[in-house]
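> the following block contains a protein sequence and its predicted model.
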Amino acid sequence: MNARETLYAGKNGRLQIGGVDVKDLASLYGTPLYVFDKAHIKKVCETFAESLNKYYGKGKIFYASKAFCCKETYRIVKEAGLGADVVSAGEIFTALSAGTDAKNLCFHGNNKSYSDLEYAVKSGVGYIVIDAVSEIDDLEEICAKLKVKQRVLLRVNPGVEAHTHHYIQTAKPDSKFGFSIENGDADKAVKNLVAKSFVDFCGLHCHIGSQIFEKTSFLLAVDKMTDYYKKVSEDFGAKLSVLNLGGGFGIYYTETDPKFGCEDYAEYIKSICEKLCECLAQKDVEKPYLIFEPGRAIVGEAGITLYTAGRIKNITGLKNYISVNGGMFENPRFALYQAKYTVLAAERLNDKPDTVYTVAGKCCESGDVIAENVNLPKMREGELIAVLSTGAYNYSMASNYNRNFVPPVVMVEDGKSYLAVKGQTFEDLVRNDL
């Protein structure tokens, strides 16, 4: 467990988050339950923003809201001075509904529809990240029709492979994202953009992957991106002013991961900014406006999920199953790419974890597993189980599979709790059925 001031084992042996005992949360809101440590979210936001200002001085942090999107998230990051990276019209709508200034939105996506682009332009989003050839023509047509100029960034693939799961590497040569620098696709897109009248081509974007701990990949990406930034400015006459280096900073899931804290993220930003300044000076490139897009790093460890233990099945000589009242409908990451988690007997943290369990979900799927080979005390039905670091890509990926409810979301801070997203009802499940 990556303990901190707002996440620790209490003297009573129960898990405490945001100054609240998890047993009290379960009693008040039920389980399964997503719980978010608001103070930790704010602290990480402030760390990124302050570090960028301190070590570079010209730029902005855009929260990658696909990690966890709801109105309250947007309110928190807005108060911390961050913008938001959005990847759908729905995320744009949610951000605007929460009071986000559209100029502080950066719209991504490898398959934005015509209507998505039109909605984004009409909404006044700050940047649209170009990720397909035909998208350029569609956007030019939309902007000409609306008589507006839209600032755009071109997502390029610098060919830097971060050492993460292959499903979350996004800068491989054959990635579905961006335009490859190496094979000339990026050059073709640049020529197309420069020729447009209503599309304001102002910068470059890259994102090399997710759950990255080592710095080498980021620093290599900086070197390659500044090379290409200079080439685009000089060889194609583009008036660039923005460089977006994406996100991908890793978080702690299990003991195999480094225990990162805010000081580690500050050091990351420092290293990248120093490398960028070095490259800009060496290559005689004017200092661009710098953007980072952390998502998981901001909300991942801030979130935990609480479950109630259900049926326990001991298969002699083979495996011990403990089922929980959640599953792949509210956390599909194990089923998708065998994601690993720290799992705790939330009411008995002081007891010896002497039994190995597979924590299974309640869905009618053999692959519905939350975690394998988990060491817990001998569990009893009705006890609380906590899964840590579920703040990113859990609620976001949740579904009503098997007609289960997506759990409510609770924020905790300074010993108090409140609902950020209501729980569902049976009526919600059939609301759109005809």
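Right, received. Where do you want to start? A quick note: this is a predicted structure, and the numbers were derived from the prediction, not measured.

> show me where the stretch 1-150 of the chain has strands.
7-9, 15-17, 20-21, 33-37, 59-64, 83-86, 105-107, 127-130, 150-157 (DSSP state E, counting those that start in this stretch).

> relative to Lys43, which of these is closest?
strand 33-37 (9.2 Å; C-beta to C-beta). Every C-beta, even on glycine, is put in place using the N, C-alpha and C of the backbone.

> strand partners (parallel or antiparallel) of the closest one?
Applying DSSP bridges, strand 33-37 is found paired with strand 303-315 (antiparallel), strand 409-413 (parallel).

> hey, C-alpha coordinates of that strand in CSV?
Extracted in CSV, the C-alpha atoms of strand 33-37 (Å, rounded to 0.1, in the frame of the first residue of the first chain):
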residue,chain,number,x,y,z
LEU,A,33,-18.6,2.1,-3.8
TYR,A,34,-16.1,4.3,-5.6
VAL,A,35,-14.4,6.5,-3.0
PHE,A,36,-12.1,9.5,-4.0
ASP,A,37,-9.7,11.3,-1.8
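
> what average pLDDT does it get?
Summarised as a single mean, pLDDT over strand 33-37 is 98.

> ditto for stretch 129-148
Stretch 129-148 comes out at a mean pLDDT of 97.

> how about it: buried residues?
129-132, 135-136, 138-140, 142-143 (16 or more other C-beta atoms under 10 Å).

> same deal with stretch 208-225?
So, applying 16+ other C-beta under 10 Å, buried residues of stretch 208-225: 208-213, 217-225.

> next, give me the two most distant ones among those.
Among the buried residues of stretch 208-225, Gln211 and Asp223 lie farthest apart (C-beta to C-beta), at 22.1 Å.

> now the strands for the stretch 301-434 of the chain?
Using DSSP E, counting those that start in this stretch, the strands of the stretch 301-434 of the chain run over residues 303-315, 319-324, 343-345, 355-360, 369-376, 384-388, 409-413, 416-421.

> now do the last one and strand 33-37, the angle between them.
With axes from the mean of the first three to the mean of the last three C-alpha atoms, to 10 degrees applied, the angle from strand 416-421 to strand 33-37 works out at 120 degrees.

> for the record, mean pLDDT for strand 416-421?
98.

> can you give me the pLDDT of the residue in the chain sticking out farthest from the centre?
Most distant residue from the mean C-alpha position of the chain: Thr316, 40.3 Å away (C-alpha atoms, centre = their mean). For Thr316, the pLDDT comes out at 91.

> Lys176 too?
80.

> ok, the one 3 residues further on next?
According to the model's per-residue confidence, Phe179 sits at a pLDDT of 95.
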